[in-house]
Structure formats: structure tokens, C-alpha cells
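Chemist: could you look at this predicted model? Sequence included:
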Amino acid sequence: MDVGRQEPEIVTLTLPCEERFIVVARIVVGGLAARLDLPYEHLDDLQLAAEAVLAEPLCAAADDITVELAVAERCITMSIGPVSPDVIQSALNGEHDEGIGLGILLNAVVDGIGFDQRADGAWLRMDKRVPALQRNE
Amino acid sequence: MTGQHDVETRELLRAYHEHGDARARERVVELHLPLVRALARRYVGRNEQLDDLVQVGSIGLIKAVDRFELDRGVELTTYAIPTIIGELKRHFRDKGWSVHVPRRLKELSLRLSQLVEDLSATLGRSPTVAELAEAAGTDEEHVLEALEIGQAYSALSLSSGPGNEDADTDPLRGLGTLEPGYERSEDRAVLVPGLQVLDERERKIMHLRFFAGLTQSEIAAEMGISQMHVSRLIRRSLERMREEIDVLRSSRRMG
């Protein structure tokens, strides 16, 4: 896969909104990140971001949810949707959360978070920069 | 759980722990079997019968009853829930590992942790999957599979791996206690309720990763454990917190 292209290449995966399918998303994200030569630690961060969003109760706006990975130069954008924006926004703000809070977690593992409004509803967007690798050849 | 239920439980636990009353122990277990059944029901549908899972969960309940310390100041249910869930999860992990995972992947999974450390030291950064595959003499797909297995079966793989890094598997070790320096941490945000189910080391790792902003490698260096172990502990902690919060919310809904 050529990460130097201007137009992002896009991989999508649509899953039932059930906990047992989260592992499928993790494997796909991991596989794609490996193809991009992402260091293991960055790959793990991206997987953790996907897991955290998909594990958020009632995050999806429908029975299925789609994970979209757009690969551009030095950046992977992972979008998940359509989501219930109120639920996700509340989770991002850490409201009613006895845990760490989705916002704090995502801020630690990705480089940017935002919402996109699409025809089918709101999508949560997360950007992960791909570092230029120093190789000891 | 009602207040009367808690009082009765406490009296029975006192009779068992202070006077060795075996019938009191049986009665406590009996009183909490509905809790085991409720938790076991969440795991039905993975080729397991509810009654079998109740049996597995009951082992966790008995462990919790036996290990419970009256002066901890928490109710038995608070202590027992993660122990029961831990027993159920261990059941699936152990079974899954022995039935489904080829030996070569188990071995690769155990080797990868050391390879990540070695390559990180050589390269000055976390290695890529391709670099791990080359070092392990295998292909990237196998590395990805082994990494996935390492996450899914972390408890078992680590307990049988070099150094036994994960020897302390009691899910409530350290409940209600904080190491002195950590308690004085400036970032009190880390003391969120869900974190109380974690032990000291796990809480510290969560604090360093999500509140202090350290990377996994930096945490690994500070804690003297491998980066992959940090990764596994973070996932396990998040999973346990989700379970705890889920149960707490369910309990509130039931009044």
C-alpha cells in the first residue's frame, strides 16, 4: 500500500453492534496498521481507540456500525459511525462515567478527535499520525 | 442487595472467619448464588450451559468468601463480583487456549514480548510488525495472530512465560489501598470509582498512560516490565473496569 499518495485509500468494515465483534475490528485495524509499517506501539494505540469506542454502550445509532480507515500520507484516519452523537459526546466529556472516560482515553492514544456529519448520521473521526521510521540498516 | 441481606452476610462471615463455622460459610455461598447466576448468564452462548458456568462462577464466589477480610470496610458483593467474573473469564481463556491455539502460535506469542524489547533497544523505537516477523523468522500474518493471541490469552500466556510477570492474578489484591506516594499524586482525577477495582500497579499504569501522558515504552521503563506487558495490563484493566461499571449500573437499575 502506498502511503505517499495524495488521495487516501479507504478500508471499511461493517459489524453488528455486539461486544464479541470488537475483536474483529481490532484484527482489521492491526492488519492495516502493520501494512503501513506502523510501530507496534502506535498500532496498539489505534486498536485500543477502536475497542474503546465500540465498547461504549449505546454508541451506535443503528444495529450495525462501520469502522472506516482512510490511509493518507503519514496519517491514518479512523472513522466510526453512524454513532449517536449525544451518547458519544457525553462519553467524550466523561459525563456519568465512573471509569477513565472516553475523551481522556482517546486523547492519550490518537492525535486528533472530531465529528463528521454524513448522510447517514454522525461519525466519530480519530487521526493517528504515522511517524517516519528511523531504520538502523 | 438489601441492608438486611448485608447484615446477615456480615454476621455469617464473622462466624466463619472468626469461629470456623462451616455452615455459615455454606449459607453465605447459598445467599450469593443468585449473583453468580446473574453474572454467569452474561457468558451463555459460547458453547457453554448456564449450569456449568454457574459451577465455574461458584468457585470464584467461594474464593471470595474465603479470602474476604471483615475489616476491609467493603461489602462481600463488591469483593466477590470481580472474583466471580475473573473465574468465568479464566475458564474461557484456559479452554480457548488449550483447544484452539496451535502450539507454534503460543510459542511465538511468548517470544514476541522479548523481541519487542530487544528490537526497541536496538532501533530506539517500537518495532514494526514486519521487523518483528523478520526477527522471529516468520511472516507478518503469524506475528499479528500471535499478538492477538497474546492479548486474548494474556493471563495464561504470562503465567507460563519467562519471569512470570503476571503472577499476581488476584483481581482484588490491593482493593481499597493505595501506595503512599500514589495517594499523594497531584492528579486526583485518577481516583475515579472504576479504578478502585484495580490493584496498585494497574492503577499506577493507568495513571501514567492516561493522565500523565506517558507512552507504553516510557511506562515499561519506569515500572521495569515489558512494553507488551504494559499493553496487556492496560487492556485487562479497562476490561475489568468496564465489567465493574456494568455490574454497578445493573445493580442500580435493580434498586
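Modeler: In hand now; what should we look at? These numbers come from a predicted model, not from an experiment. Numbering: from 1, shown residues only, chains lettered A, B, ... in the order given.
Chemist: B:R25: neighbouring residues, count only.
Modeler: Neighbours of B:R25 under the rule other Cβ atoms under 10 Å in any protein chain shown: 18. Using the backbone N, CA and C atoms, a C-beta is placed for each residue, glycine as well.
Chemist: and it, how far is that from B:L61?
Modeler: 11 Å (Cβ to Cβ, to the nearest Å).
Chemist: please apply the same query to B:L105.
Modeler: When B:L105 is compared with B:L61 (using Cβ to Cβ), they lie 34 Å apart.
Chemist: more neighbours: those two, which one.
Modeler: B:L61 (23 against 19).
Chemist: show me what contacts the more buried one?
Modeler: B:29, B:32-33, B:35-36, B:80, B:83-84 (Cβ atoms under 8 Å, 6 or more residues apart in numbering or on different chains).
Chemist: most neighbours out of those, which is it?
Modeler: B:I84 (29 neighbours).
Chemist: quick one on the thing from earlier: hmm, which of the contacts of B:L61 is lowest in pLDDT?
Modeler: Of all the contacts of B:L61, B:T83 carries the smallest pLDDT score, 82.
Chemist: quick check: phi and psi at that one.
Modeler: Backbone geometry at B:T83, expressed as degrees, to the nearest 10, gives phi -70, psi -40.
Chemist: what segments of chain A are strands?
Modeler: Using DSSP state E, the strands assigned to chain A run over residues A:9-16, A:64-72, A:75-83, A:112-118, A:121-129.
Chemist: and these as a markdown table, adding mean pLDDT and mean neighbour count?
Modeler: Supplementary listing: the strands of chain A in a markdown table, determined by pLDDT from 0 to 100; neighbours: other Cβ atoms under 10 Å in any protein chain shown:
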| stretch | mean pLDDT | mean neighbour count |
| --- | --- | --- |
| strand A:9-16 | 91 | 14 |
| strand A:64-72 | 91 | 19 |
| strand A:75-83 | 92 | 22 |
| strand A:112-118 | 91 | 13 |
| strand A:121-129 | 92 | 19 |
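Chemist: for A:V53, which of these is the nearest?
Modeler: Among these, strand A:75-83 comes nearest to A:V53, with 5.1 Å by Cβ to Cβ.
Chemist: does the closest one come close to chain B?
Modeler: No. Judged by Cβ under 8 Å from any Cβ of the partner chain, strand A:75-83 stays clear of chain B, getting no closer than 13.8 Å.
Chemist: and stretch B:12-21, average pLDDT?
Modeler: pLDDT averaged over stretch B:12-21 gives 92.
Chemist: next, give me the two most distant ones among the contacts of B:L61.
Modeler: B:L33 and B:T83 (14.4 Å).
Chemist: and stretch B:202-217, how far from the chain's centre?
Modeler: 17 Å (Cα atoms, centre = their mean, to the nearest Å).
Chemist: buried residues of it, list them for me.
Modeler: Neighbour-count burial for stretch B:202-217, counted by 16 or more other Cβ atoms under 10 Å in any protein chain shown, picks out B:202-212, B:214-217.
Chemist: chain A next: which of those residues are close?
Modeler: B:206, B:209-211, B:215-217.
Chemist: spit out the contact partners of the residue nearest the centre of chain A.
Modeler: Residue closest to the average C-alpha location in chain A (Cα atoms, centre = their mean): A:M78, at 3.9 Å. By Cβ under 8 Å, 6+ apart, A:M78 lies in contact with A:29, A:46, A:49-50, A:67-70, A:110, A:125-128.
Chemist: pop the domain breakdown of chain B in here.
Modeler: Domain segmentation of chain B under automatic domain parsing yields B:3-98, B:102-246.
Chemist: check those domains for me: which has the lowest mean pLDDT.
Modeler: domain B:102-246 (a mean of 73).
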